[in-house]
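In: No letters, just coordinates:
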C-alpha cells in the first residue's frame, strides 16, 4: 500500500511533548504524522524522569534499610546490574505502552531525522532512505540535550553525562557532580543512597537556585548533614581524565584553586535546545537565543508551525511539554488555548524530596506583591513522624489582599506526591481559607499543608501560639 | 411664586417619558438641584433635578404614567404658598383607576403588574432587567413604596447571587474579588475550563457598566428580510430631525487630506507618560476635538446657528461627539473645549462616551453642543458626508487613517493620511470661510507641536 504523504499535522519528536500532541491531534480527528529518530518517549522516558526514578526507588530502599535502627540487615548489598536491569525493564514497559497508544490512535509513525524543506514540507531520513511529507500544521518538539561547558572533556566513560551514568555497572566509590541544579542534586542523592561519596560543585551561590530560599537552605543543611559535600560559588576550571579517573580543577569565589579527584564525574550543567539538522533557517522561524520563540498559544513566528517543550525553553519539564503539546494540537485545529505558566508544579527527587508550585517568596517580593506566609514543619505532623521522615516543612505563600494562594513549597519525603492536590488548588485559584479549612484525613502529610495555610493567619492548631 | 416642574426634553430623540418613581413626596422640602423623580424614556432612566427650592406642593403625574415631554408633572411652591387654583384639577389619577380620554396617555401595561399567586409590585425597568437576567421577581424583596421591587433591588439581588438562576462556575479568589468590586458573577464571561469565571475574568470585568445598563449582546443583525418594523420614538425623532436639517439647511461639503505622521508620533511620545500621570489614554479624537475648538476660535461663524433672520454665534465652543448606540445616536458635547487641556478633554470624552453607551447622559450634556465631530475612523471608511446636527451650522467628519502614497519634495512617499470632511449650512456660511476653516484645521493637525504643546 502506498504510504500517505500528506497530513493535517506533523509532529517532530516523540517525547512527552510530541507524542502527547500527536495523540491529542488524533483525538480531534486529524491525520497525524509523528517523527522520531530514536525511541518514543524522548529524554523523559529513556534517559530522564523514568529511569532515574526507578534507580532512586532502589537506592532509597537500600538506604532506608541500611540506616534503619529497627531492621537489622547485615551484609546488605546492592546488585548494580540487577538495578540497571530493573530500570531498563520499567523503561521498556512504558515504551511499549506509548508505542501502543500511538498506533491505537491511528498515528502514522516515521522513524528518522526530520528536516524542513519549507514551512509545509518535511524530509525524513531514516534507515530506508529519504521520505518527503507535507503537512498543513507542524509541531516542533525536538527537546534538548545535556549542555556542555568548556574545558570539561566528557568522554562518556569517566566523565559522564546524565545519559551514560544511567547504565553504570558499578557503584563508584566517589563521584564528583558538576552542577547543583535539580539533575545534579537528584544524582547526588541517588549515588549517595547507593553508597558513593558525593561532591557537588555549583557555580551559583546556591544549589537548586530556582526554588524558594527557605527550601534551598533546608535542603542544603540536610544534605550536608548526610555528608554530601557541596561547593557553591565554585567554578570548574578544567576537568580531564587521568589514568581512567577524573581530575577536576575548581576555583572558589576568592580565586582559590582546588583539585577534586574521584572515581567518576558527572556533568549536569543544564540542557540546551536540540534543533540540529532541522534546517530551521529554511523556514526562518524566530529564535530566542537558541530556543524557538513561541507565544503563549505555542505559535512560532511562522504561521502553522508550533513549538513545544524543552526546545522552547522556560522550565524544562515533561509535564510542561505535555501540556504545551495539548495546547498546540488544539490550537492547530481552531482552539484558542493558552498555558498558565504560573501554575506548573516542579518536583525534585532528592532525599528528602522538593516540590513546589507558583511563586517563591523572593519572586513575590520582586513582583511587589504583598504576601502572607504560613509554614508548618513535618516534625509536628503525626504521619511524618510515624514514617520516620520528620525532615522538612510546608510553606504556603498567599497574596495578602484576597488571600489567593500563589505559591506552595514543600521540602520533605513524598513532597512530589503532595504537590498534585496543590496544583488543583492553585489552578482553581484557592484562597488560604479553603486550603486551611479543607478537612484532611488523619494521619496524613496533607495535614501539614492545611496547617501551614492556617499558620498564615497565625491559627495553626498544632503550633505554639503566635501573637496576632 | 409657584414653579412648574416639567418633564424635560430628554435629548434629541425623545418625545415621551414615563415617571418611574417619585423620589420626594408631596409636602417634602426640596432644594434646587436635588433629584426629584426618575423618568424612563426609551429604555433610559434619568433622574430629574428640582428646578427650584421650596415645597413639593403637588404631584400632578403619578408613577407609571407616560406623558409627552414638557408636560407639567408637579408644582413647587414657597413654604407658605397655597397651590394655585389652576393646578388643583390637573392631577392625573393613579393608573389603576379609570382614565378619562384626553388626559395624558397611560402606559400599558401599568406599573404594578400582578404575576403568579401573590401580587408583585415592580416598575417595568425592574421587570425587564429581571426578565433579561432570568431572575424570579418573587425571590426579591422590594424596597420601593409598598414593597415594590425597584431596579436597584434587582441589581443588588444579582450582585449577591442568584440562587434561582443558572449556576456560575467560579473560583474562591474570583468570587471574593467580584464581591468586593460588586460585579455580579453571572455577568462575567468565564475563560476557565467549562467557562469557569477566573480572577483574570473578574479583573477584566472591573468597572463594567452597571447592571441596569447591561443588555444581551445583539446578534449580527436582529432584522429579517421582509420584516416590518414600527419606528420607535428615537427613530421617529432622528428621522424628523435629519429630514428637517437636510431640507432646511442647504448643505455644502468640503474635503481635504491630512498628513497624520507627526500627530501620531506626538501622541506616541506622550501617551504612556500621560497615561501614567493622569490615568487616561489620550485618543486621536481628543486631538481632533482640541484642534477643532481652536480653529473655531479663528472662525467663530462656524460656531453659530440660524435664528429667524439673525445669525447667533454661540457664546461657548462646545464640541459634540457623535456616539453610536444600539438604537440610534447621541451627541454629548465637551464644554469650552478651546479652553481645556488635552487631558481634561480626554477625561470628559471618556466619561461622556461611557455614559452615552449606558444611556446615562444628562439633557444638558446632549444639548449644549455648538459644533459636531463624527468619526468613522474605526471603520474601513475613506471619507463620508454628514448631515448637520440642528441647530448647529457645522459638522466635521473623519475617515480612517491609512498609509497612502503622497508626493513630498517631488518624491512619492508613504504617509499616514486621513481625509476629513466638513458640512456647513450655506445659508450663513460661504465656501471660502468653510474652506479657510478646514485648511486651518488641517494645518493645526499637521503641526501638532505648535498646536498642542504650550510653551
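Out: Nice, I can see it. Just so you know, these numbers come straight off a predicted model, no measurement behind them. Numbers count the residues shown, from 1 in each chain, chains lettered A, B, ... in the order given.

In: And the strands in the stretch 201-350 of chain B?
Out: B:251-259, B:304-307, B:310-313, B:319-321, B:323-325, B:328-330, B:333-334 (DSSP state E, counting those that start in this stretch).

In: And those strands: which comes nearest residue A:60?
Out: Proximity to residue A:60 (Cβ to Cβ) singles out strand B:323-325 among those, at 69.2 Å. C-beta here means a position set from N, CA and C on the backbone, and glycine is covered the same way.

In: Residues in contact with the closest one: which ones?
Out: B:329-332, B:352-353, B:356-357, B:359 (Cβ atoms under 8 Å, 6 or more residues apart in numbering or on different chains).

In: Closest one of these to chain A?
Out: Proximity of these to chain A (Cβ to the nearest Cβ) peaks at residue B:357, which lies at 26.6 Å.

In: Quick check: the gap between that closest one and residue A:63.
Out: 69 Å (Cβ to Cβ, to the nearest Å).

In: Between those two, point out the one with more neighbours.
Out: The residue with more neighbours, out of residue B:357 and residue A:63, is residue A:63; 19 against 16, by other Cβ atoms under 10 Å in any protein chain shown.

In: show me the contacts for that one.
Out: A:192-193, A:351.

In: Do a quick rundown of the strands in the stretch 51-200 of chain A.
Out: With strands called from DSSP E, counting those that start in this stretch, the stretch 51-200 of chain A shows them at A:108-111, A:113-118, A:121-126, A:129-140, A:144-146, A:159-160, A:174-178, A:197-201.

In: Now the phi/psi pair for residue A:446, please.
Out: The phi/psi pair for residue A:446 (degrees, to the nearest 10) reads phi -60, psi -20.

In: pretty sure it contacts residue A:420?
Out: No - under the criterion of Cβ atoms under 8 Å, residue A:446 is not in contact with residue A:420, lying 10.3 Å apart.

In: ok, and the closest non-adjacent residue to residue B:200?
Out: Nearest non-adjacent residue to residue B:200, counting by Cβ to Cβ, 6 or more residues apart in numbering or on different chains: residue B:191, 7.1 Å away.

In: a helix runs through the one you found, doesn't it?
Out: No - residue state for residue B:191 (DSSP: H, G, I helix; E, B strand; the rest coil) corresponds to coil; a helix is not indicated.

In: Pick out the residue nearest the middle of the chain.
Out: Since no chain was named, I'll use chain A. residue A:317 (4.6 Å; Cα atoms, centre = their mean).

In: hm, I was asking about chain B
Out: Central residue of chain B (Cα atoms, centre = their mean): residue B:356, at 2.7 Å.

In: which helices and strands does whichever strand or helix holds that residue pack with?
Out: Using DSSP states H and E, residue B:356 falls within helix B:342-357. If you count contacts as 3 or more Cβ pairs under 8 Å, 6 or more residues apart in numbering or on different chains; DSSP states H and E, helix B:342-357 packs onto helix B:261-278, helix B:284-298, strand B:319-321, strand B:323-325, strand B:333-334.

In: The ones you listed: which one's closest to residue A:197?
Out: Shortest distance between residue A:197 and the helices and strands packed on helix B:342-357, using Cβ to Cβ, is found for helix B:261-278: 58.0 Å.

In: Show me which residues of that closest one are buried.
Out: Going by neighbour count (16 or more other Cβ atoms under 10 Å in any protein chain shown), the buried part of helix B:261-278 is B:261-263, B:266-267, B:270, B:274.

In: which residues touch residue A:389?
Out: A:352, A:378, A:412-414.

In: Check which helix or strand the residue lying closest to residue A:158 once chain neighbours are set aside maps to.
Out: Spatial nearest neighbour of residue A:158, chain neighbours left out: residue A:241 (4.6 Å); criterion: Cβ to Cβ, 6+ apart. According to DSSP H and E, residue A:241 maps onto strand A:235-242.

In: next structured bit after that strand?
Out: strand A:245-251.

In: ok, that next one: who's next to it in the sheet?
Out: Here strand A:245-251 is paired, per DSSP bridges, with strand A:235-242 (antiparallel), strand A:257-261 (antiparallel).

In: Also compute the angle for that strand relative to strand A:174-178, please.
Out: Angle, strand A:245-251 to strand A:174-178, by axes from the mean of the first three to the mean of the last three Cα atoms, to 10 degrees: 50 degrees.

In: returning to that earlier point: any idea which of the strands of the stretch 201-350 of chain B gets closest to residue A:356?
Out: Nearest of the strands of the stretch 201-350 of chain B to residue A:356, taken as Cβ to Cβ: strand B:323-325 at 50.7 Å.
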